[in-house]
Structure formats: structure tokens, C-alpha cells
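1. I would like the atomic coordinates for the input below:
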Amino acid sequence: AYLGDTGFAKAARRSGETRLLSATTGRIMASPGYADEDVLNGKYSELTDGFAVGRTLLVVLTGRDPVDIEDECEQGFEDGEMPFAEIPAERLAEAEAGWPAEVAGAVKELYTGLCVKKKRFRLKL
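-> Numbers count the residues shown, from 1 in each chain. Okay, the predicted model is just below:
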């Protein structure tokens, strides 16, 4: 079994459903920003699970919406001229959360490993 998306339970509660539909029904439930593109094509794996977990970590670190999160982070630094990979993790971290620099760095590094575009380079859970 694969996770696929960390928003299933939240979506089910919001819509009033008491159970989640099986993948065999042909209906895909996914939360925008959390689901890897493979999930949207009905393909689940430990890599898509990792993507959902990684995206969740970045949302927790930054306090930003998951949709286009890297672009949103870039827009907040150097007038959007600094690539996401170069933004120091402690500057990405939500200021009010009080993230220690080394923890913010570890979270960003884990996110990057789990969510890298080329799946052959992704960390596995």
C-alpha cells in the first residue's frame, strides 16, 4: 500500500465522506501541491509517498501553501532572482516558528532529496 498524498483524510472530512474511495474506482483524490504528478496519473510508489512527505515538510518549515511552493519561496528573496536551491534554509523557515538553522537545513535537504524532479535521484522512504 502507498500513501500517495497526505491530504486524503482532510479532504474526506471536509467533503463529509466517512470513508475514502478505493483507487480501483477510477477516482483519484489528491490535494493540490502534495501529490506527485505520477499520482495524478494513477501511479503510486514509495517515491510518490516520499514526494508527499517531503512537500509536507517544506510546508511546515516555511508556513507557505504547497501549490507552487518553490516559486513562492523564490519570489520572497532577491526579487525572485535567487533559485530555490540557493536560498539558505534558515531564511526559508517561518520566522515565528523559531527553527534552529541546523534543523531548517536538515529539513530542506530532506525535502530536496524526496522531491527532486528526476525520480531516479530521489531518496526512498
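2. going forward, measure contacts between C-alpha atoms and count neighbours the same way
-> Noted.
3. helix, strand, or coil at the closest residue to Asp65 other than its chain neighbours?
-> Distances taken as CA to CA, 6 or more residues apart in numbering place Val59 nearest to Asp65, at 6.5 Å, with adjacent residues excluded. What DSSP: H, G, I helix; E, B strand; the rest coil gives for Val59 is helix.
4. for the protein, give me the ranges with low pLDDT.
-> Counting by pLDDT under 70, the chain contains low-confidence ranges at 1-29.
5. give the full set of residues in contact with the residue nearest to the spatial centre of it.
-> Closest to where the C-alpha atoms of the chain average out (CA atoms, centre = their mean) is Arg55, at 1.3 Å. Applying CA atoms under 8 Å, 6 or more residues apart in numbering, we find Arg55 in contact with 33-34, 66, 111, 115.
6. same question for Val103.
-> Residues near Val103 by CA under 8 Å, 6+ apart: none.
7. now the one helix or strand it maps to, how far from the chain's geometric center?
-> Taking DSSP states H and E as the criterion, Val103 maps to helix 101-115. Distance of helix 101-115 from the chain centroid (CA atoms, centre = their mean, to the nearest Å) equals 12 Å.
8. got the buried residues for it?
-> 104-105, 107-115 (16 or more other CA atoms under 10 Å).
9. and if you look at stretch 72-79?
-> Quick answer for stretch 72-79 (16+ other CA under 10 Å): 73-74.
10. now that stretch: how far from the chain's centre is it?
-> 18 Å.
11. how about stretch 55-65?
-> The chain centroid and the centroid of stretch 55-65 are separated by 7 Å, computed with CA atoms, centre = their mean.
12. stretch 116-123 too?
-> Per CA atoms, centre = their mean, the centroid offset for stretch 116-123 relative to its chain is 14 Å.
13. what about that stretch, how long is it end to end?
-> Distance across stretch 116-123, first residue to last, is 9 Å (CA to CA, to the nearest Å).
14. give me the residues contacting it.
-> Applying CA under 8 Å, 6+ apart, the contact partners of stretch 116-123 are 47, 50, 113-115.
15. okay, those residues in a markdown table with distance to Arg122 next?
-> Formatted as a markdown table, these follow (distance: CA to CA, whole Å):
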| residue | distance to Arg122 |
| --- | --- |
| Leu47 | 7 |
| Gly50 | 8 |
| Gly113 | 5 |
| Leu114 | 5 |
| Cys115 | 7 |
